[in-house]
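**Student:** Provided below for reference: sequence and predicted model.
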Amino acid sequence: DEKYKESKYQKYTKEDFLEKAFMDEKQYNTLVNLLTMKKNLILQGPPGVGKTFVAKRLAYSIIGEKDTERVTMIQFHQSYSYEDFILGYRPKEDGFELKEGPFKEFCKKASDDLDRKYFFIIDEINRGNISKIFGELLMLIEKDKRGEEIKLLYTDELFTVPENLYIIGTMNTADRSIAIIDYALRRRFSFFDLKPAFESEKFETDVIEKNSNPKFKALINTIKDLNKEISRDDSLGEGFQIGHSYFCPNGGSVPNEWLENIVEYEIIPLLKEYWYDNQDKLNDWIKELKGVIK
């Protein structure tokens, strides 16, 4: 077909994914298999493990190029609704008009191009009320219900979620404000845990060894100890650990100021949230972290 001959997008392969993500080939293959098998996947993990980064690049690697027309992303929040997501009335100057939401638009786009894969990424999927947002479409996202038609609320139009549409959600396991994910969602998605990559060989070679600032390595060792403490804490656990992406600078070595900013404005605020009811532990770890970078 003429339109596929020349692509305007940059190629993106499995190798490109593995070069940037702190993940091995076996984990990558598992992700691809889960997505193929279920069509719906949730990447879950603590803050800073690169959930959104992995979601986008996983999609690009399956497509084979950074095709931004076939990968789209939205973010759920507490007040997000069916009307925002699928179809609803929106105010305009002289009243209201029926407007399509991003999911309905993207499904139509994928339906018109069934030979190619499309990826809809929902960041912070657990922040929204899933049953309320998906409404009658919650059934249609199941793998064996793809292609079935249903009449939408507000209109007699028949609607379908196509076979070639894949949904990837991200979920922050350290978000206390979120209720436990309901069974309706659990049943329709595969779940994959992303963990901090401090122990990985790739993090050692690509990040630690490229940093000549001795305080950087000392800080990473302290964060590893901190993560062990968080994992052992009965009120927290593994899902509250500190992720590696906080410590992935764009260049090689980092100045002390960079380390101080990460600790002061990224890590300490998290710990204040975690141990708001345990000031002694909080103060001990603040002292420990600041001691390493001073």
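**Tutor:** Looks like it came in fine.

**Student:** for the chain, which spans come out with low pLDDT?
**Tutor:** 1-6, 176-182, 251 (pLDDT under 70).

**Student:** could you pull out the strands for it?
**Tutor:** 40-45, 71-75, 87-92, 95-100, 118-123, 150-151, 158-159, 165-172, 190-193 (DSSP state E).

**Student:** and residue 216, which of those is closest to it?
**Tutor:** Nearest to residue 216 among those is strand 40-45; the distance by Cβ to Cβ comes to 22.9 Å. (C-beta placed from N, C-alpha, C; glycine too.)

**Student:** Can you tell me what sits against that closest one?
**Tutor:** 31, 34-35, 51, 54-55, 125, 141, 143, 166-173, 188-195, 239, 243 (Cβ atoms under 8 Å, 6 or more residues apart in numbering).

**Student:** Report the angle between that strand and strand 165-172.
**Tutor:** Strand 40-45 runs at 20 degrees relative to strand 165-172, counting by axes from the mean of the first three to the mean of the last three Cα atoms, to 10 degrees.

**Student:** Can you say which of the strands of the chain is nearest to residue 286?
**Tutor:** strand 165-172 (22.6 Å).

**Student:** Not counting the top helix by length along the chain itself, show me its contacts.
**Tutor:** In the chain, assigned by DSSP state H, the helix with the most residues is helix 214-232. The contact list for helix 214-232 (Cβ under 8 Å, 6+ apart) reads 196, 198-199, 208, 211, 236-238, 240-242, 247, 253-254, 256, 259, 263, 267, 274, 285, 288-289, 292-293.

**Student:** re the thing from before, TSV please, covering the strands of the chain and showing distance to residue 108 and mean neighbour count.
**Tutor:** Converted to TSV, the strands of the chain look like this (distance: least, Cβ to Cβ, whole Å; neighbours: other Cβ atoms under 10 Å):
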stretch	distance to residue 108	mean neighbour count
strand 40-45	19	23
strand 71-75	12	18
strand 87-92	11	13
strand 95-100	8	11
strand 118-123	11	23
strand 150-151	14	14
strand 158-159	9	14
strand 165-172	10	24
strand 190-193	25	16
